[in-house]
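Have a look; sequence and predicted model below, questions after that.
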2 protein chains.
Amino acid sequence: MLQRDYQTQTCSIARALEIVGERWTLLILRNVFLGWRRFDEQQQQLGIARNVLASRLQRLLDEQILELRPYGERPVRHEYHLTEKGRALWPVLAELLQWGDRYAPEPAGPPRIFRHRECGGLMGAHCICERCGQWLDSEDVISELGPGARARRKGRAQRAARRAAPASA
Amino acid sequence: MLQRDYQTQTCSIARALEIVGERWTLLILRNVFLGWRRFDEQQQQLGIARNVLASRLQRLLDEQILELRPYGERPVRHEYHLTEKGRALWPVLAELLQWGDRYAPEPAGPPRIFRHRECGGLMGAHCICERCGQWLDSEDVISELGPGARARRKGRAQRAARRAAPASA
């Protein structure tokens, strides 16, 4: 490990946080789960310095949580994919998301909802499909924008339209 | 919120991490789940500066994740207890712990294991009791030291014994 923040601790939570507890790391992984696999997509989505993003991604490659896969030609480029070890972080992210939905909510509602790909049911607490009762792994769900994200987008569009309108209008 | 690290993000994971993503915060909560509820117990267990610990605990009180309850008399002292909002972080911690057990293991095995209080079964993946299949909340489990923690303790005791022995022995 590159650094050990919690070296006095004999604890698997501390060991997990040594790897994924740095600022931005869990949000970078969330983005890969959502399909933003390229450096520039990540950079645009997060709005962080390129060197910080590069350092976090390198750490995730070193830890074999992400792996590079080529895409395109001339030049060949690479995108970041989750390994099995990375995909196993899905329930950590899902539990954080559901806690945030409940205890730190957007005023308009959840920014993102998940549905069971197979039966269309909503993903409820602890990754259980509310319709069929199956435990849902990341590959079993499709994600949709929820009311919280739609309200934020509408607000941004309205502010942009006001800025674009002539001042005397 | 005192600070917003992730203010560009419309996301419940980001909102959750604004509250519990600071260094040490999840380990402080783990300690309260394990029954270390007093400032000095926390300080001794974590080995961090008292002002850092005090600031993290205050934030958790402000966010109503922890609450103070009095104990003792002359002087009355206080200890930290989880609120409902705090107890709802149990699955986040449990999933991090199980990921750490599997992908960042102690050589000797898990430092801590959890059993279903009612039937004695081990807590398996995603907080499901391996014996009876019930989803286990924090109040349903008792925790025991696992092989990883026992090996560490033994190592510490052996090193202490060697230090205590005369140099010529």
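Okay, I see it.

can you tell me if the helix ranked longest in chain A touches chain B.
The longest helix of chain A (DSSP state H) is helix A:147-164. Yes - under the criterion of Cβ under 8 Å from any Cβ of the partner chain, chain B is reached by helix A:147-164 at A:Gly148, A:Ala149, A:Arg152. All C-beta spots, glycine's among them, are computed from the backbone N, C-alpha and C.

what does stretch A:132-143 give?
Yes - using Cβ under 8 Å from any Cβ, stretch A:132-143 reaches chain B at A:Trp135.

so what's the residue nearest the centre of chain A up against?
With distances taken as Cα atoms, centre = their mean, A:Arg30 lies nearest the centre of chain A, 1.5 Å away. Going by Cβ atoms under 8 Å, 6 or more residues apart in numbering or on different chains, A:Arg30 touches A:Leu93, B:Cys11, B:Ile13.

Any figure for the gap between the second one and B:Leu17?
This means B:Cys11. Applying Cβ to Cβ, to the nearest Å, the value for B:Cys11 to B:Leu17 is 9 Å.

cool, the first one as well?
Between A:Leu93 and B:Leu17 the computed distance is 10 Å (Cβ to Cβ).

tell me, what's touching these two both at once?
In terms of Cβ under 8 Å, 6+ apart, A:Leu93 and B:Leu17 are both contacted by the residues A:Leu26.

ok, back up a step: pretty sure the residue nearest to the centre of chain A sits in a helix.
Yes - note on A:Arg30: a helix contains this position according to DSSP: H, G, I helix; E, B strand; the rest coil.

out of the contacts of A:Arg30, which is most surrounded?
Neighbour tally across the contacts of A:Arg30 (other Cβ atoms under 10 Å in any protein chain shown): the maximum, 27 neighbours, falls on B:Ile13.

What segments of chain A are helices?
So, for chain A - with DSSP H - the helices run A:12-20, A:25-34, A:39-46, A:50-62, A:84-87, A:90-103, A:147-164.

Point out the most buried one among those.
Of all the helices of chain A, helix A:12-20 has the most neighbours on average by mean count of other Cβ atoms under 10 Å in any protein chain shown, namely a mean of 24.

then that helix to PDB, C-alphas only?
In PDB, the C-alpha atoms belonging to helix A:12-20 read as follows (Å, rounded to 0.1, in the frame of the first residue of the first chain):
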ATOM      1  CA  SER A  12     -11.000  -4.900   7.600                       C
ATOM      2  CA  ILE A  13     -13.000  -1.700   7.500                       C
ATOM      3  CA  ALA A  14      -9.700   0.200   8.000                       C
ATOM      4  CA  ARG A  15      -8.000  -1.900   5.400                       C
ATOM      5  CA  ALA A  16     -10.800  -1.300   2.900                       C
ATOM      6  CA  LEU A  17     -10.700   2.500   3.600                       C
ATOM      7  CA  GLU A  18      -6.900   2.500   3.100                       C
ATOM      8  CA  ILE A  19      -7.700   1.500  -0.500                       C
ATOM      9  CA  VAL A  20     -11.000   3.300  -1.300                       C
END
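
is chain B contacted by it?
Yes - contact of helix A:12-20 with chain B (Cβ under 8 Å from any Cβ) involves A:Ser12, A:Ile13, A:Ala14, A:Arg15, A:Ala16, A:Leu17, A:Glu18, A:Ile19.

Before I go, just wanted to say thanks for your time.
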